[in-house]
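> A structural model of the following input is requested.
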Amino acid sequence: MSELVGRDQGPVHSRGVIGRAMNSVISSKLEMHHIDQIDGRFGAKSHFIDGAIMCFRVAMELREEGNLPVIVAVAFDLKWSDEPRGLNFRTLGGLAKQLWRSPPELILIHAARAAELDWVDQAPALDPVRLGVPATHVVLREWCHKPTGEYPRHLWLISFPPG
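From the prediction side, this is the model:
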């Protein structure tokens, strides 16, 4: 973990930004923010993982405090390939080696739109406990981008609301 996690000024600032997005998702049904939009320190690739996990935790805390019907997710943009790679890592260190250029996105989805995540149960998955992340699901989304023949990949951390 980097020095960012646990600093007083980070989570407090992030709570405000994420809190506004959390309130907005109740009416708009979807909010997406690259983590460097939440806190500029998260724009460095070396802070992608810690920053994304911190934003994920703050969003889950705010959801619980407000008892809000919001699915919290983070999507990590992974390196593309000319063939499917699947889950070719099992640790956060392995994830770090697969990260692409774009900062992860914090995605807040109203629970009424849960059907849009029906792909999650069929996706290749990692054990969140073993990976050390506070998610209910850790899944890979990989598909063929027809115009280029390449395979974009995203690792999603997802937390569905209780109940």
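> quick one: average pLDDT of the lengthiest strand in the chain?
Using DSSP state E to assign secondary structure, the strand with the most residues in the chain is strand 70-81. The pLDDT scores in strand 70-81 average 96.
> how far is the helix or strand of the chain with the lowest mean pLDDT from where the chain is centred?
Ranked by mean pLDDT, DSSP states H and E, the weakest helix or strand in the chain is helix 9-28, scoring a mean of 74. Centroid separation for helix 9-28 versus its chain: 15 Å, with Cα atoms, centre = their mean, to the nearest Å.
> check which helices and strands that helix sits against.
strand 30-34, helix 35-38, helix 48-66, strand 70-81, strand 105-110 (3 or more Cβ pairs under 8 Å, 6 or more residues apart in numbering; DSSP states H and E). Where you see a C-beta, it was placed from the backbone N, CA and C, and this is true even at glycine.
> contacts only, for residue 22.
Each residue near residue 22 by Cβ atoms under 8 Å, 6 or more residues apart in numbering is listed here: 31, 59, 62, 63, 66, 68, 70, 108.
> rerun that using 10 Å as the cut-off
15, 31, 58, 59, 62, 63, 65, 66, 68, 70, 72, 108 (Cβ atoms under 10 Å, 6 or more residues apart in numbering).
> just tell me which of the helices and strands packed on helix 9-28 ends up closest to residue 156.
When these are compared by Cβ to Cβ, strand 70-81 sits nearest residue 156, at 5.2 Å.
> C-alpha coordinates for that closest one, PDB please?
The C-alpha coordinates for strand 70-81 follow below in PDB (Å, rounded to 0.1, in the frame of the first residue of the first chain):
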ATOM      1  CA  VAL A  70     -26.100   2.100  -4.800                       C
ATOM      2  CA  ILE A  71     -23.800  -0.500  -6.300                       C
ATOM      3  CA  VAL A  72     -20.200   0.600  -5.900                       C
ATOM      4  CA  ALA A  73     -17.600  -0.500  -8.400                       C
ATOM      5  CA  VAL A  74     -14.100   0.300  -9.600                       C
ATOM      6  CA  ALA A  75     -12.900  -0.600 -13.000                       C
ATOM      7  CA  PHE A  76      -9.200  -0.900 -13.700                       C
ATOM      8  CA  ASP A  77      -8.100  -0.500 -17.400                       C
ATOM      9  CA  LEU A  78      -5.700  -3.300 -18.200                       C
ATOM     10  CA  LYS A  79      -3.300  -3.800 -21.100                       C
ATOM     11  CA  TRP A  80      -5.000  -4.800 -24.400                       C
ATOM     12  CA  SER A  81      -3.800  -7.800 -26.300                       C
END
